[in-house]
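**Q** Just the structure for this:
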Amino acid sequence: MLELNNIPYLKNVAQSIAAMNSPLAMIIIGVYLTEVSIKNIFCKRKTYICSIIRLVIIPLISLLIFKLVPIGTTSIKLALLIVLSAPVGSNVAMFAQKFKQSYTYAVEIVMLSTILSIVIMPLFILVAQTIL
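**A** Numbers count the residues shown, from 1 in each chain. Reported below is the predicted structural model:
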């Protein structure tokens, strides 16, 4: 594998690109958000269903599997559950726009799942710690 430590310029470029990962996603979602009504985010039943599936159903099924199948340590299981209970990623909106789908609806799902995850995710991890 290529060692970037031997090529300082490439290492700096890679670090700069990595540092822009989260801010760039936030900027893109911010641009998409300008085209979405805040009212629409909270008024669509389907948006809540998508968010609950992502934030509750998938992590619960995963927790059940982790409890039944003896794999890894508790720390590894919790780390995977954190990833599995994270909100819908901003790339959903970008893919929706790329493939000529309703990217505004995708942004609504991203935003609602992010807002709900502020409460749901810590509670789920707390419950998972006691179960695992």
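**Q** Packing partners of the longest helix anywhere in the chain?
**A** Ranked by number of residues, the top helix in the chain under DSSP state H is helix 103-131. Contact partners of helix 103-131 among helices and strands, from 3 or more C-beta pairs under 8 Å, 6 or more residues apart in numbering; DSSP states H and E: helix 21-33, helix 38-43, helix 45-52, helix 58-68, helix 74-84, helix 91-98. No exception for glycine: its C-beta is placed from N, CA and C like everyone else's.
**Q** May I have the residues that are in contact with the closest residue to Val92 other than its chain neighbours?
**A** Closest residue to Val92 apart from its sequence neighbours, by C-beta to C-beta, 6 or more residues apart in numbering: Ala106 at 4.9 Å. Contacts for Ala106 (C-beta atoms under 8 Å, 6 or more residues apart in numbering) come out as Val92, Ala93, Phe95, Ala96, Gln97.
**Q** Give me the mean pLDDT for stretch 107-115.
**A** Stretch 107-115 carries an average pLDDT of 92.
**Q** remind me which residues of this structure are low pLDDT?
**A** 1-6 (pLDDT under 70).
**Q** and Leu84, how many neighbours does it have?
**A** 17 (other C-beta atoms under 10 Å).
**Q** Hmm, it is touching Val56, no?
**A** No: with contact defined as C-beta atoms under 8 Å, Leu84 does not reach Val56; the gap is 10.8 Å.
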